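Asks: I would like to see how this sequence folds:
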Amino acid sequence: MKLLIEPPTWLGDSVMASGAIDKLIEYLNPNEVILFGSFVSTELLKTNPKIDKVIINQKKILKNLITLPKADIFISFRRSLASKILGIKYKKKFFFEKIYTGHMVEQYNQHVDDIIYNLTKKSPKKLYPPKLYFTPKKTNAIGINPGATYGSAKRWYPEEFAKVANYLGQFRDIIIFGGPGEEEIAKDIEKHLTIKNYKNLCGKLSIKELCEYIGGLDLFITNDSGPMHIAAAFNVPIIAIFGPTDYTETSPYSNNYKIITKNLECAPCKKRECPLKTHECMKSIKAQDVIKEINESGFLR
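Replies: Presented below is the predicted three-dimensional model:
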């Protein structure tokens, strides 16, 4: 049996789906597994030893229809129209639908459970948490991650991140993370730093290096983002700053985190930009709130 899997597009979603993909492969036990997806998702998941081949999405439906290989089953972790068009090519296909509830990790597991039952009549009982196949690089450092790909509303302020970094620089080295296009945010933090024991790695790391560095941190302070989910997969202690997004669905999936949010009436709006133009959900969170939570959590003992 040849299995073609389309993971989610975004980094964080792909991390959250990683355990469910492991479960899928374990239960179906195919002869070959082909991964088809965005560059980010395939780079993240291709180190899974159960993945035999990777194909990067060409972003052109017709080209994908022509070039995608034959497979016995096509399984998508996306809801997009493009994915459903690609599914026309395959007799057996499954798509992620808006019928599941709970945390996204749980939703992806529910999706896989339905597929496994449909194909084998087996009912998996165990939830498979996120799992990444990278070896952490131990740094004894604290990471700060000021970016967030989905939109500016998810981003806490550089000057507040800098205040936290200046405080924590007394105890550990600091590493600034971020993806391509977020370099200016990282530079804004640097402008407010009074410490010298830091590295700015924003935009300089591959997906593999990002996972290795984050996996070896002593603490990770971050917006709701893909790197946050990488840290959770490695059980790194996390301080997660939430504003417009729903932490009941996308909080770190581990037992080693604290969420800082103001739980305003307008939240979670789930918008890319603040519809009220105030950004109060993030603006009202101050560096002292984060520092207080770190000290009370005992993460740096």
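
Asks: alpha carbons only for contacts and neighbour counts from here, please
Replies: OK.

Asks: got a list of what L11 touches?
Replies: Taking C-alpha atoms under 8 Å, 6 or more residues apart in numbering as the contact definition, L11 lies against V40, S41, L44, G226, P227.

Asks: Let me have the residues you listed in TSV, extended by distance to M16.
Replies: As requested, these are exported to TSV (distance: C-alpha to C-alpha, whole Å):
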residue	distance to M16
V40	14
S41	11
L44	11
G226	9
P227	11
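
Asks: Tally up the residues packed near the residue nearest to W156 when sequence neighbours are not counted, please.
Replies: Spatial nearest neighbour of W156, chain neighbours left out: M282 (5.7 Å); criterion: C-alpha to C-alpha, 6 or more residues apart in numbering. By other C-alpha atoms under 10 Å, 22 other residues sit near M282.

Asks: do R172 as well
Replies: R172 is flanked by 19 other residues according to other C-alpha under 10 Å.

Asks: May I have the residues that are in contact with it?
Replies: Neighbour list for R172: N140, A141, I142 [criterion: C-alpha under 8 Å, 6+ apart].

Asks: again, only this time at 6 Å
Replies: Residues near R172 by C-alpha atoms under 6 Å, 6 or more residues apart in numbering: A141.

Asks: Look up how far N57 lies from it.
Replies: To N57, R172 is 40 Å away according to C-alpha to C-alpha, to the nearest Å.

Asks: okay, now K292: neighbour count?
Replies: Quick note: K292 (other C-alpha under 10 Å) scores 10 neighbours.

Asks: which secondary structure element contains it?
Replies: Assigning secondary structure by DSSP states H and E places K292 in helix 287-297.

Asks: Show the model's pLDDT score for A148.
Replies: A148 carries a pLDDT value of 65.

Asks: What segments of the stretch 51-200 of the chain are helices?
Replies: Here the stretch 51-200 of the chain has its helices, by DSSP state H, counting those that start in this stretch, at 61-67, 81-86, 104-120, 158-168, 183-191.

Asks: mind checking how far the lowest-mean-pLDDT helix or strand in the chain is from the chain centre?
Replies: The helix or strand of the chain with the lowest confidence, counting by mean pLDDT, DSSP states H and E, is helix 280-283 at a mean of 84. Distance, stretch centre to chain centre, for helix 280-283: 22 Å (C-alpha atoms, centre = their mean, to the nearest Å).

Asks: now swap in stretch 126-141 and tell me
Replies: Relative to its chain's centre, stretch 126-141 lies at 12 Å (C-alpha atoms, centre = their mean).

Asks: thinking again about what came up before, contacts for the helix holding K292?
Replies: So helix 287-297 is contacted by E160, V164 (C-alpha under 6 Å, 6+ apart).

Asks: State the mean pLDDT of that helix.
Replies: 96.

Asks: buried sites along that helix?
Replies: Neighbour-count burial for helix 287-297, counted by 16 or more other C-alpha atoms under 10 Å, picks out A287, V290, I291, I294.

Asks: same check, this time on stretch 177-191
Replies: If you call a residue buried by 16+ other C-alpha under 10 Å, then stretch 177-191 has these buried ones: F177, G178, G179, E182, E183, I185, A186, I189, E190.

Asks: before we move on, what about stretch 246-253?
Replies: When neighbours are counted by 16+ other C-alpha under 10 Å, the buried residues of stretch 246-253 are found to be Y247, T250, S251, P252, Y253.
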